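Visitor: Below are the sequence and a predicted model for it; my questions follow.
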Amino acid sequence: MDTAATAATGLTFRDATDADVDVLVALVESAYRGDASRAGWTTEADILEGQRTDPEGVRDVVRSSDSRLLVVEQGGRTVACCQLEHRGDHAYFGMFAVSPVLQGAGLGKTVIAEAERQARATWGVSEMHMTVISVRDDLIAWYERRGYRRTGRMTPFPYGDERFGIPQRADLQFELLVKPLD
């Protein structure tokens, strides 16, 4: 998928396949959990331990007819990914990960812009939705600078379901962020 932005940065975007599952699980884990995640700024290591995702969850997204899991490569190496899910008049953006050693250099901005472009082009949606752990002020501020707005609509964190991690605090919940796609 070549656009002006991807051509300028040497990035390629493609849909994930079953062959990508292990690499994508490792990427997502490295961006959010454990000591490796501390190399970047998106770490959740201080609020959650355990896993962020697993092969079964990633495989489910890859195989879903209503979802796309975009793999972002640079120089033949997977450097980022994100999920797009068609939900009627909007798309859901999730499983967003950028390699921790590449964070802070603009790669995330390029990926999210391309994801928004693809959601509009593929499904004709008018909005992008996402959920973010509400205590992640730095991450929410980053999304706000990209045009996302807090809605105040919260959903509970799945305490007790270790597939989503082991919470280190009792106040975790997800907030819905929304961006109109013009």
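Guide: Yep, that arrived. What you see is a predicted model; the values in this text were computed from it and never measured.
Visitor: Now do the buried residues in the longest helix seen in the chain.
Guide: Determined from DSSP state H, the single longest helix within the chain is helix 107-123. With burial defined by 16 or more other CB atoms under 10 Å, the residues of helix 107-123 counted as buried are 107-108, 110-112, 114-116, 118-119, 123. (C-beta placed from N, C-alpha, C; glycine too.)
Visitor: For I166, state which of those residues is nearest.
Guide: Nearest to I166, judged by CB to CB, of these is G108 at 25.9 Å.
Visitor: surely that closest one meets C82?
Guide: No: using CB atoms under 8 Å, G108 is not in contact with C82, being 9.4 Å away.
Visitor: Need the overlap of contacts for the two.
Guide: F96 (CB atoms under 8 Å, 6 or more residues apart in numbering).
Visitor: what's the helix or strand for the residue nearest the centre of the chain?
Guide: For the chain, F96 is the residue whose C-alpha lies nearest the centre (CA atoms, centre = their mean; 1.4 Å). If you go by DSSP states H and E, F96 is part of strand 90-98.
Visitor: on contacts alone, who are the packing partners of that strand?
Guide: helix 21-32, strand 77-87, helix 107-123, strand 127-133 (3 or more CB pairs under 8 Å, 6 or more residues apart in numbering; DSSP states H and E).
Visitor: Kindly recompute the last result at 10 Å.
Guide: Under the contact criterion of 3 or more CB pairs under 10 Å, 6 or more residues apart in numbering; DSSP states H and E, strand 90-98 touches helix 21-32, helix 55-63, strand 67-74, strand 77-87, helix 107-123, strand 127-133, helix 137-145, strand 173-180.
Visitor: E144 reaches E175, doesn't it?
Guide: No: counting by CB atoms under 10 Å, E144 stays clear of E175, with 11.5 Å between them.
Visitor: what sits in contact with each of the two?
Guide: Residues within reach of E144 and of E175 at once, by CB atoms under 10 Å, 6 or more residues apart in numbering, are R150.
Visitor: Would you enumerate the residues in contact with L181?
Guide: L181 touches 90-91, 116-117, 119-120, 124-128, 147, counting by CB under 10 Å, 6+ apart.
Visitor: Same question for E44.
Guide: Counted by CB under 10 Å, 6+ apart, E44 has contacts 31-34, 37, 52, 133, 135-136, 139, 165, 167-168, 172.
Visitor: Phi first, then psi, for it.
Guide: phi -110, psi 10 (degrees, to the nearest 10).
Visitor: doesn't V71 make contact with A115?
Guide: No: in this structure, A115 is not within contact of V71 by CB under 10 Å, at 11.9 Å.
Visitor: list the residues that contact both of those two?
Guide: 13, 80-82.
Visitor: of the residues you listed, closest to D20?
Guide: C81 (8.3 Å).
Visitor: Distance of that closest one relative to T151?
Guide: Taking CB to CB, to the nearest Å as the measure, C81 falls 25 Å from T151.
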